[in-house]
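Enquirer: Compute the structure for the input listed below.
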Amino acid sequence: MTVRTWAGDGTGLSAFRGARKPVTAVAVTATRLYVASADLSIREFDLASQEPTNVFIHNEPIVALAVCGARLFVASEGGLVRVANVNRAASADDVAMARV
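Expert: Numbers count the residues shown, from 1 in each chain. Next comes the predicted model:
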């Protein structure tokens with residue numbers, strides 16, 4: 001699946017690829033895009049390079065994402081909210097979510 005961004009005038013800006021199944025939630029900061037997928041993953045992208053920088057794995061379907069400072073909050077279909085520290089060193093390795 002692909003997530004696309006546009007300017008206010010409708011001009012296409014970027015395309016972010018990587019989700020294997022339908023996208024279920026997104027969150028954005030000044031420098032990062034977070035894309036949750038039905039494959040239970042959350043991919044973090046650098047907005048400038050459009051490259052993935054991290055993959056977070058969840059154990060339930062994801063219904064909402066929110067970013068506050070260095071924390072990524074992930075709400076699941078079962079009502080659980082988990083949090084990940086997004087300031088960890090970027091890597092392609094999967095990062096486990098911590099329970100709130």
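Enquirer: ok, now which ones touch the residue nearest in space to the middle of the chain?
Expert: Geometric centre of the chain, nearest residue: residue 34, 2.2 Å, by C-alpha atoms, centre = their mean. Neighbour list for residue 34: 26-28, 42-45, 65, 67, 72 [criterion: C-beta atoms under 8 Å, 6 or more residues apart in numbering]. Yep, even glycine has a C-beta here, placed from its N, CA and C like the rest.
Enquirer: mind checking how far the closest residue to it other than its chain neighbours is from residue 66?
Expert: Leaving aside its chain neighbours, residue 34 sits nearest to residue 27 (4.4 Å; criterion: C-beta to C-beta, 6 or more residues apart in numbering). From residue 27 over to residue 66 the distance is 6 Å, taken as C-beta to C-beta, to the nearest Å.
Enquirer: Pull up the overlap in contacts between these two.
Expert: residue 72.
Enquirer: So those two - more neighbours on which side?
Expert: residue 27 (20 against 14; other C-beta atoms under 10 Å).
Enquirer: Since that was my last question, I'll sign off now.
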